[in-house]
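Undergrad: Give the three-dimensional model of this entry:
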Amino acid sequence: MAREVNAAERLGFAVRVSGFYAAVFLVAGTYMPFLPLWLDWRGLGPAEIGVIFAVPLFVRIVVTPAIAFAADRLGDHRRVLILLSWGTLATLLVLSRFASFWPILLVFLVYALCWSTVMPLTETIAVSGVKRLGLDYGRMRLWGSLSFILASFVGGFVIDAYGKPAAIWLVVTGAAVSIFAAHMLPRPHQRRDDDAPNRPRLTLAEVGRLARMPSFLVFLLAAGAAQSAHAVFYTFGTLHLQKQGVAMGLTGVLWAIGVLSEIVLFAFSRRVVALLGPLRLLAIGGAAAVFRWIVMSFDPSLTALAVLQILHGATYGAAHLGAIYYIGERVPESQAGTAQALYAAVTAGIGMGLATSLAGRLYAAYGGGAYLGMAVIAAISLAATLWLMAADRASGAGHGAR
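TA: Numbers count the residues shown, from 1 in each chain. You can find the predicted model right below:
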């Protein structure tokens, strides 16, 4: 009987978290490919679009760890995610009413306050299921990737049919769905009553010790640079494909191909992590990114673009999987939310903010040649990861060390 209850709990947890991943990536799958088109329709230039996407990212440097720290202290990440999901929808509805640079930038800042912490808190809940219930992280996360494919594929045809103004409403729809999914998330695991009063609470001193660990700082550099190297593609990829003459429907297909490669990786994530370990996955992501962005700088053909999109499974998927499991292995559970938030603050805050700001300037000046700058950032990620691997070998830790 106990086994049946445990199986039901595992299934329920996995389904609810998978559903929230799917809802969150309805937002990401329309926001990243299509919102730049809406900003372009509003009359903003490449440099302004780069600033719009970059400045809110810097808000995450402080806001995301602060909210995650509060959620760790509260011990109820679900409740915080519900509030953040409602805030995301509200700010997007306000955003739809503005048409000039400064009002849009100000609303984006508020949007960043809400949206920036959604993913690290979701990852924290998912990893808690991996540790407590023996779930497969990749099997839950892949539903987000499937949702991204659906959103980007359908969104491309919606934009073809209704034009650039429809982009904002695609994102709003995803945000509305995420509210429902947030309310369906599993409630926090209840510890025994006699243990609750003695449960240690996360302190700022513990966070400070984590943030000062040399290996953790180098890890943040490696993981942050790996994701930041996507800045040109995320911000200007769709616009540049349009300039190359690629139809919007085919653009959606190209985005879908990239995410499909993630899904294949995530479906076998437990075996892949067991075989390679987190740091080797991160190194593969960095090496693949160097190659991918160098080739992208030459405006390759449609066939070559499709092949390069398959590499997204490595440049994003492998790097992200390696980062999540690295945190899961080496950071105590009481600090997990804050560690995920620091990872998000670096990847989607400092790193992506700097890279997106740079991307706007590079793209305005060099067009597709801006991808060469992203190749340099990817090389930094690879170098930092190799340093971590060498440090592990020197200490005899290996890829499975805590």
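Undergrad: contacts and neighbour counts: CA atoms only from here.
TA: OK.
Undergrad: where does the stretch 101-250 of the chain have low pLDDT?
TA: Flagging of the stretch 101-250 of the chain using pLDDT under 70 yields the residue ranges 189-211.
Undergrad: How many neighbouring residues does residue 86 have?
TA: 18 (other CA atoms under 10 Å).
Undergrad: That one reaches residue 179, doesn't it?
TA: Yes. If you go by CA atoms under 8 Å, residue 86 and residue 179 touch, sitting 6.1 Å apart.
Undergrad: so who does the closest residue to residue 91 other than its chain neighbours touch?
TA: Excluding its sequence neighbours, the residue lying closest to residue 91 (CA to CA, 6 or more residues apart in numbering) is residue 111, at 5.5 Å. For residue 111, the contact set (CA atoms under 8 Å, 6 or more residues apart in numbering) comprises 56, 87, 88, 91, 92.
Undergrad: Spatially nearest residue to residue 380 (excluding sequence neighbours)?
TA: Residue 380 sits nearest to residue 225 (CA to CA, 6+ apart), 6.6 Å away.
Undergrad: Distance check, the one you found against residue 6.
TA: 40 Å (CA to CA, to the nearest Å).
Undergrad: swap in residue 90?
TA: Using CA to CA, residue 90 is found at 38 Å from residue 6.
Undergrad: The two: who's more crowded?
TA: residue 90 (17 against 12).
Undergrad: How much space separates the more buried one from residue 36?
TA: Taken as CA to CA, the span from residue 90 to residue 36 is 20 Å.
Undergrad: How about residue 147?
TA: 20 Å.
Undergrad: quick one, which of these two is more surrounded?
TA: Ranked by neighbour count (other CA under 10 Å), residue 147 and residue 36 place residue 36 first, with 26 against 23.
Undergrad: Which residues are in contact with that one?
TA: Taking CA under 8 Å, 6+ apart, one finds 49, 235, 236, 239 in contact with residue 36.
Undergrad: hmm, try it at 6 Å
TA: Under the criterion of CA atoms under 6 Å, 6 or more residues apart in numbering, residue 36 has no contact partners.
Undergrad: Check the one 10 residues further on too.
TA: Listed by CA under 6 Å, 6+ apart, the contact partners of residue 46 are 360, 364.
Undergrad: just the helices in the stretch 251-400 of the chain please.
TA: Secondary structure of the stretch 251-400 of the chain (DSSP state H, counting those that start in this stretch): helices located at 269-276, 278-296, 302-310, 312, 319-330, 336-345, 352-366, 371-395.
Undergrad: Tell me the gap between the first one and the middle of its chain.
TA: Translated: helix 269-276. 20 Å (CA atoms, centre = their mean, to the nearest Å).
Undergrad: by contact count, what packs against that helix?
TA: Of the remaining helices and strands, none touches helix 269-276 by 3 or more CA pairs under 6 Å, 6 or more residues apart in numbering; DSSP states H and E.
Undergrad: ok, now with 10 Å
TA: helix 137-162, helix 248-267, helix 278-296, helix 319-330 (3 or more CA pairs under 10 Å, 6 or more residues apart in numbering; DSSP states H and E).
Undergrad: For it, list the C-alpha coordinates in CSV.
TA: What follows is helix 269-276 as a C-alpha-only set of coordinates in CSV (Å, rounded to 0.1, in the frame of the first residue of the first chain):
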residue,chain,number,x,y,z
SER,A,269,19.0,13.2,-19.3
ARG,A,270,19.4,10.8,-16.4
ARG,A,271,21.6,8.5,-18.5
VAL,A,272,23.4,11.3,-20.1
VAL,A,273,24.3,12.9,-16.8
ALA,A,274,25.3,9.6,-15.4
LEU,A,275,27.6,9.0,-18.4
LEU,A,276,29.2,12.4,-18.8
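Undergrad: tell me the angle of that helix relative to helix 278-296?
TA: 100 degrees (axes from the mean of the first three to the mean of the last three CA atoms, to 10 degrees).
Undergrad: what comes into contact with helix 269-276?
TA: Contact with helix 269-276 is made by 135-139, 141-142, 262-263, 265-266, 277-282, 284, 317-318, 321-322, 325, 399-400, as judged by CA atoms under 10 Å, 6 or more residues apart in numbering.
Undergrad: Just want the angle from it to helix 248-267.
TA: Using the same axes, to 10 degrees: helix 269-276 against helix 248-267 is 60 degrees.
Undergrad: in helix 269-276, what's buried?
TA: 269, 270, 272, 273 (16 or more other CA atoms under 10 Å).
Undergrad: Could you work out the end-to-end span of stretch 126-142 for me?
TA: 12 Å.
Undergrad: Buried ones in that stretch, by neighbour count?
TA: Buried, per 16+ other CA under 10 Å, within stretch 126-142: 126-130, 133, 135-142.
Undergrad: shaky segments in the stretch 251-400 of the chain?
TA: 332-338, 341, 345-349, 396-400.
Undergrad: can you do 50?
TA: For the stretch 251-400 of the chain, residues meeting the criterion pLDDT under 50 lie at 398-400.
Undergrad: Verify the contact between residue 357 and residue 236 for me.
TA: No. Using CA atoms under 10 Å, residue 357 is not in contact with residue 236; the gap is 11.8 Å.
Undergrad: so what sits against both of these two?
TA: 49, 50.
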